[in-house]
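Peer 1: sequence? don't have it. structure:
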């Protein structure tokens, strides 16, 4: 069991490949509100990070050589070739969460992909749930309609609070490691040692530190840890380190923000046929788009090329160019079978 401790808010997702058959399983990721106080209820999402990049789905078509089936789909897309970036930088899920928090007793909210179902759990007793259920559903649908997002389904249910009390051993372990970490972090701060993130593995009694790759502070951290453990008469605690490239870390943050802005329109509008979104900065920034179009469709390549142009256009726009900076980036468009089309 691991519990993350961070010196600053960290929202980094490692590059991993998740097979298609696992996409239906919702992975919960806490959504924080920048420097604002954490909301009273959790917002959970499913995110996919592919091994080479992230996922970004949409359907933008402009070729004269499209099949009749695809042509009928093209006619339904309102602003062909343009991806609309939220004016205030807040995606639709965040907007829904903010509004619900102000008006209702909400226990939690989740979004699963690729199903694109927004699930809201209402707190309170059965009488309250019955009273506000339809209102909550209406408010969510109104926000989606305002943004012209018709790809999401909405489910509202009554939440049931389940409190899982930790065992006495878990309480002792947590208190012991928290004491050690607090004292170690204070001493490290005095010495100017950067600790980016620290995790604890209770099973192996190990503290796992992330530190800047340009700093050789491992031995000094070990020295502080050993002294802290000894002063409390505790059993030995193991330690491991992961070096973090700070330039890549900052680049990752920028492209994560870019993806958040890009995905809002692409995921939200049914006409775009977006399945998932994601990104990677290793070795260079890359956006991937996985279409719901089969590679067998004779017009699939044309669609992919138009989508690539649309994504590239918004990446170079005034709204995103300050985040893209001078980065060399790639855009890969994949078919329903996960084969590159462009």
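Peer 2: Looks like it arrived, so ask away. Please read these numbers as outputs of a predicted model, since none were measured by experiment.
Peer 1: After the one helix or strand residue 304 maps to, which helix or strand is next?
Peer 2: Assigned by DSSP states H and E, residue 304 belongs to helix 300-315. The helix or strand immediately downstream of helix 300-315 is helix 318-324, counting by DSSP H and E.
Peer 1: Which positions in that following helix come out as buried?
Peer 2: Across helix 318-324, burial judged by 16 or more other C-beta atoms under 10 Å covers 319, 320, 324. Every residue, glycine included, has its C-beta placed from N, CA and C.
Peer 1: Remind me what that helix packs against, helices and strands.
Peer 2: Applying 3 or more C-beta pairs under 8 Å, 6 or more residues apart in numbering; DSSP states H and E, we find helix 318-324 packed against helix 246-268, helix 300-315.
Peer 1: I'd like the average pLDDT over the helix or strand that comes right after the longest one.
Peer 2: The helix or strand immediately downstream of helix 246-268 is strand 279-280, counting by DSSP H and E. Strand 279-280 shows a mean pLDDT of 92.
Peer 1: Just want the angle from the helix holding residue 304 to helix 246-268.
Peer 2: 120 degrees (axes from the mean of the first three to the mean of the last three C-alpha atoms, to 10 degrees).
Peer 1: Which strands and helices lie in contact with helix 300-315?
Peer 2: Partner elements for helix 300-315 (3+ C-beta pairs under 8 Å, 6+ apart): helix 246-268, strand 286-290, helix 318-324, strand 330-334.
Peer 1: Outside of the third one itself, list whatever touches it.
Peer 2: By C-beta atoms under 8 Å, 6 or more residues apart in numbering, the residues outside helix 318-324 that reach it are 85, 254, 255, 257, 258, 261, 262, 285, 314, 315, 316.
Peer 1: Mind giving me the PyMOL select for those, buried ones only?
Peer 2: Buried residues among the contacts of helix 318-324 (16+ other C-beta under 10 Å), as a PyMOL selection:
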select buried, resi 85+254+255+258+261+262+285+314+315
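Peer 1: Make TSV out of the helices and strands packed on helix 300-315 and add distance to residue 132 and mean pLDDT.
Peer 2: Formatted as TSV, those follow (distance: least, C-beta to C-beta, whole Å; pLDDT from 0 to 100):
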stretch	distance to residue 132	mean pLDDT
helix 246-268	24	92
strand 286-290	37	89
helix 318-324	36	94
strand 330-334	41	91
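Peer 1: now for those, which one comes closest to residue 150?
Peer 2: helix 246-268 (7.8 Å; C-beta to C-beta).
Peer 1: Look up how far residue 96 lies from the nearest residue to residue 105 once chain neighbours are set aside.
Peer 2: Excluding its sequence neighbours, the residue lying closest to residue 105 (C-beta to C-beta, 6 or more residues apart in numbering) is residue 123, at 4.1 Å. Here residue 123 is placed at a distance of 16 Å from residue 96 (C-beta to C-beta, to the nearest Å).
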